[in-house]
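Q: this one's structure only:
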């Protein structure tokens, strides 16, 4: 298999801003079509990620910051007690930077994609009560004791985890958490998927390679008919069910908070609470009736 090389800031590729994002997205899409493996300098992926989502003003930045606003507000509302937080998928510590004054203990767990965890370790090296764990395997969380944390958070992470591993990570989160769970994931089904797919094609000239049949399946919410890859084929309803087997789900809402139901929102925000040890079941029908997870 041939390799496609992608460079970043300070390397041979000199684009910045939107042009650089389009170049990298286009290079990845082109490599996938040619059945090439992608080899990228970490700076390319890191710079592209931050430029696309946070560094530039615009509606995309607003939408992606909404999950951090939601999680920060949840932490602030509970700041009167001694908060012990575990975050799955902490990346470079963006959320920690916002909630640090309100927590007594924080553990960030991440696979260190593009060196994000290394940056977090450097940034918070002098902060007491802060620790980072590099892992891509749920078994690494066994070092934590039962009920060690009263807040568990995972923002835009579980859609990137291989589907077979998601239950394992949720099992560990259920074991180590005695309190609240906050999860955000993208909405990749229904009309929202179609809108995002079209916008990506128009804006960047590339998107995840869906076949015509897969596009129809995604619009209809039939994700089992889609080859999974990262966001592609992700179905938040299935995640809600998995969470409900381990936690009591309190709400499933949309972000940003525009008054829209979850199924019409770009981001899904799940708030759940831990159960007594050994209690594990599917959500009751009455609980399901309260969740905004279905299409009208």
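A: Alright, I've got the coordinates. Keep in mind it's a predicted model, so treat the numbers as computed, not measured. Numbering: from 1, shown residues only.
Q: report the buried residues of the helix or strand containing residue 175.
A: In this assignment (DSSP states H and E), residue 175 forms part of helix 166-176. Within helix 166-176, the residues scored as buried using 16 or more other Cβ atoms under 10 Å are 166, 169, 170, 171, 172, 173, 174, 175, 176. Every C-beta, even on glycine, is put in place using the N, C-alpha and C of the backbone.
Q: now swap in stretch 232-239 and tell me
A: Those would be 232, 233, 234, 235, 236, 237, 239, for stretch 232-239 by 16+ other Cβ under 10 Å.
Q: returning to what we had before: rebuild the buried residues of helix 166-176 as CSV, extending it with pLDDT and distance to residue 200.
A: What follows is those, written out as CSV (pLDDT from 0 to 100; distance: Cβ to Cβ, whole Å):
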residue, pLDDT, distance to residue 200
166, 98, 24
169, 98, 27
170, 98, 29
171, 98, 34
172, 98, 33
173, 98, 31
174, 98, 34
175, 98, 37
176, 98, 36
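Q: redo these as TSV? Include distance to residue 132.
A: Putting the buried residues of helix 166-176 into TSV (distance: Cβ to Cβ, whole Å) gives the following:
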residue	distance to residue 132
166	22
169	17
170	21
171	22
172	17
173	17
174	22
175	20
176	16
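Q: dig out what residue 84 forms beta bridges with.
A: Under DSSP bridges, the beta-bridge partners of residue 84 are residue 105.
Q: quick revisit: ok, the buried residues of stretch 232-239 vs residue 80, which is closest?
A: Comparing the buried residues of stretch 232-239 against residue 80 with Cβ to Cβ places residue 239 closest, at 30.4 Å.
Q: the closest one is in contact with residue 185, isn't it?
A: Yes: look at residue 239 against residue 185 with Cβ atoms under 8 Å: they come within range, at 6.1 Å.
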